[in-house]
Structure formats: structure tokens, C-alpha cells
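*Asks:* Kindly return the folded structure for what I paste below:
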Amino acid sequence: MENQTIDLDDWPVTTEFDYGDSAPCPGTEEKNTAAKLLPPLYSLVVIFGFIGNMLVVFILIEYKRLKSMTDIYLLNLAISDLLFIFSLPFWAYYAVHDWIFGEALCRILSGVYLLGFYSGIFFIILLTLDRYLAIVHAVFALKARTVTYGILTSAVTWVVAILASVPGMVFHKTQKESTRCTCSAHYPTDATIFWKYSYILKMNILGLIVPMLIMIFSYSRILKTLLRCKNEKKQKAVRLIFVIMICYFLFWTPFHISSFLHTFQGLLFNSNCEIKSRLEKAIQVTETVSMIHCCINPVIYAFVGEKFRKYLYAFFRKHVAAHLCKKCPNLYREKLERVSSAFTPSTAEHDISTGL
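*Replies:* Model prediction:
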């Protein structure tokens, strides 16, 4: 099927792309592991991530009407997760077969994957700063946390995320390597080391170090402010903050450590094929685990909020349960009215103690 789609004889023949300075290792075992592990896990991430984030988008637009800065950031976070998810079916197929989707899709999907990665992290940072302003600088937040500023900062964030993703799009290309048709990063011959190291360092710094520093600073100040008050809702916000921090670093830290060790293995220790094989497997596992975070985002940033749960309940009553029980629409309409009556105009802006 693949040979009918693409004529491999017309492509330049290269050796198998190798991240180290020594002769390439076979890598057969890692490829077999990826072929078995990645497709089912990617499929689960796509299904649950798509459903969860689409629900967030629908509820934010249909019920919350994007009336706060937090809503704007939540919407953009869901969109970035959906972008990330969009590329996964192609990578799942590629884990088992050769790359058959052509040069253009290789570059585009690599860029989309990185765009979802960077934009998701940036909007998590913005949500952290949003909570910081709302709780620590509540008076200033009344002027700063507006929909207009939310849209402007979101637009700037997308521009920065696109710029951060451009190198990945530029350097990814399709080639015939040994017996396979691949889509992978190939850096200029005269600057391979520079681009390879800078690519991973940028990912580690923007994806782990910067968010960690901002979250530690912001949440430490938030906790200090909240612990002065015995308000029950604010105590719930303390627990939510710990969930946010733990989930982010639990899902993403192993991947960043694995990618750093894999790239700098020649500088850090004496590398051989066995070590390379273990690092390749570690990247496969930790990258898949990190992808699960886009399924968790709807839960920790949206559905944990009390009002979001009520909106979700109203959504299922109106769009799901009513269709499943067409014989009793009046019953569901009556219950919907009771649920909707709990949402007054004053609830458009969620209580700043939860940030949602």
C-alpha cells in the first residue's frame, strides 16, 4: 500500500538518522516496542482528550459566554490541547508503518504538534498568573483581569508559540533512511550539534524550567494569602492548587528529563547501544505519559470548578438525557429550568478564590 502511494526510488538515500556521534545502533527493539505501545495509547488520548476538551469549548461558549479572562485562557488551553491531539493519529500510524503522508504533512504535523505543546504550556502559565492576580492582588485584578486583556495576551501567546514551533517545522522532512520512509528532524550538516542541543534546551527551558519557577513563585504567594483566611471556598482552592502543580510536573517532568539525557548522553556519560536503547524506550513511555496531561486539563482546570459541574449537568440534561428519553421531555425541561435558575448574572465571573 505504501509503495503504491509514494515512489521511494525518487528520494535521496541517507543513513538512519542518529542523535549520537558514533555509528548508528540498529534500534529494532525500540521500533517494535513503539509499534505495540504507541497506537493504543495514542488512540485513548485522542478519544478522551477530544471529548473532554470539546466539552470545555462548548460549555465556555454556550454557558459561560467567555465573560472573564479565566474563560478566555481556558478556551485557548482547550484549543491548544485539541491541536496537540489532532496530530496524534498520524504519529500513531507512523509508529507501526512507514511515513506515507508526504513532505508537506510531515512539516505541518510536526509544527502543529509543537504548537500544541508550547501553547498549552504558555496558557497554563497564564492561568497561573491569572490566579495570582485574582488572589494576591485582588484590587489591581479588578482592572487588569478583563476580557480585552485576556484576548490581547492570548494573541501574543499564540504568536510566541508559533515562533517557538517554527524550527521544528523547518527541520522536519521525509527521507528514505535504510529501508524505511521517515519523517524526522534533519539539521544542517555544518551546525547539527548546535541545532540539536538548542532544540532540546529550548523545550526543557520553556516547557519545564520557566513554568516551574513561575508556578513556585505564584502558588507560594497564593497559598500564603489563602492560608490567612479560614474561608471554606479558599481552602478548596488550596487543594486545587496542589492538584494543578502535582499533575503538571508528574506528567511532564519525566519526559523532559528523558529527552535531556537522550540528547546530551555523549557529554554526560559513556554511551553505548544498550544505554541508547533504554533512553529511546524511556522517551517513548514518558512522552506518551505526558500526552495524557491534555486529557487531564479539562478536569483540573474546568470540571473541578463547582459552576462548571453545574453547567456540565445542564448540558447533559439538555443535549443527552432529553434525547435518550423523548417520552418525558417536560420532565427534563422542568429540571433544566431548576438548574438554570441557579445561574444568575452575578455568576458570570467565577469566585476568585477558585480562579474558575
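
*Asks:* ok, now which ones touch Tyr199?
*Replies:* Tyr199 is in contact with 167-168, 171, 185, counting by Cβ atoms under 8 Å, 6 or more residues apart in numbering. To be clear about C-beta, it is placed using only N, CA and C from the backbone, and glycine gets the same treatment.

*Asks:* Which one (most neighbours) among the residues you listed?
*Replies:* Gly168 (21 neighbours; other Cβ atoms under 10 Å).

*Asks:* For it, pull up the helix or strand it's in.
*Replies:* Here Gly168, judged by DSSP states H and E, is contained in helix 147-171.

*Asks:* One more: Ser271?
*Replies:* Assigned by DSSP H and E, Ser271 falls within no helix or strand.

*Asks:* With pLDDT and distance to Val112 as extra columns, can I get the contacts of Tyr199 in TSV?
*Replies:* Shown next, in TSV, are the contacts of Tyr199 (pLDDT from 0 to 100; distance: Cβ to Cβ, whole Å):
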residue	pLDDT	distance to Val112
Pro167	86	14
Gly168	84	10
Phe171	88	15
Ala185	85	15
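
*Asks:* which residues in the stretch 251-356 of the chain form helices?
*Replies:* 265-268, 273-291, 293-298, 306-315, 322-324, 329-340 (DSSP state H, counting those that start in this stretch).

*Asks:* Redo those helices as a markdown table? Include mean pLDDT and distance to Thr253.
*Replies:* Conversion of these to a markdown table gives the following (pLDDT from 0 to 100; distance: least, Cβ to Cβ, whole Å):
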| stretch | mean pLDDT | distance to Thr253 |
| --- | --- | --- |
| helix 265-268 | 82 | 18 |
| helix 273-291 | 84 | 9 |
| helix 293-298 | 83 | 11 |
| helix 306-315 | 79 | 27 |
| helix 322-324 | 66 | 42 |
| helix 329-340 | 51 | 40 |
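
*Asks:* Of those helices, which stretch is the most buried?
*Replies:* Most buried of these by mean neighbour count (mean count of other Cβ atoms under 10 Å) is helix 293-298; its value is a mean of 24.

*Asks:* then stretch 87-95 to PDB, C-alphas only?
*Replies:* Output in PDB follows, covering the C-alpha atoms of stretch 87-95 (Å, rounded to 0.1, in the frame of the first residue of the first chain):
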ATOM      1  CA  SER A  87      -1.600  15.200  15.100                       C
ATOM      2  CA  LEU A  88      -1.600  12.100  17.200                       C
ATOM      3  CA  PRO A  89      -3.500   9.700  14.800                       C
ATOM      4  CA  PHE A  90      -0.800  10.400  12.200                       C
ATOM      5  CA  TRP A  91       2.000   9.600  14.600                       C
ATOM      6  CA  ALA A  92       0.200   6.500  15.900                       C
ATOM      7  CA  TYR A  93       0.100   5.200  12.300                       C
ATOM      8  CA  TYR A  94       3.800   6.200  11.800                       C
ATOM      9  CA  ALA A  95       4.800   4.200  14.900                       C
END
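
*Asks:* what about it, distance to the chain center?
*Replies:* 16 Å (Cα atoms, centre = their mean, to the nearest Å).

*Asks:* And the next helix or strand past the least confident helix or strand in the chain by mean pLDDT?
*Replies:* Among the helices and strands of the chain, strand 13-14 carries the lowest confidence by mean pLDDT, DSSP states H and E, at a mean of 34. Following strand 13-14 in sequence order, the next helix or strand is helix 28-59 (DSSP H and E).

*Asks:* Please report the residue range of the longest helix in this protein.
*Replies:* helix 102-136 (DSSP state H).

*Asks:* CA atoms of the helix or strand that that helix is followed by as PDB?
*Replies:* Downstream of helix 102-136, the next assigned helix or strand under DSSP H and E is helix 138-144. Provided in PDB are the C-alpha atoms of helix 138-144 (Å, rounded to 0.1, in the frame of the first residue of the first chain):
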ATOM      1  CA  ALA A 138      -7.300  41.400  44.100                       C
ATOM      2  CA  VAL A 139      -7.700  45.200  43.800                       C
ATOM      3  CA  PHE A 140      -5.400  45.500  40.800                       C
ATOM      4  CA  ALA A 141      -7.000  42.400  39.300                       C
ATOM      5  CA  LEU A 142     -10.400  44.300  39.000                       C
ATOM      6  CA  LYS A 143      -8.800  46.500  36.300                       C
ATOM      7  CA  ALA A 144      -6.300  44.000  34.800                       C
END
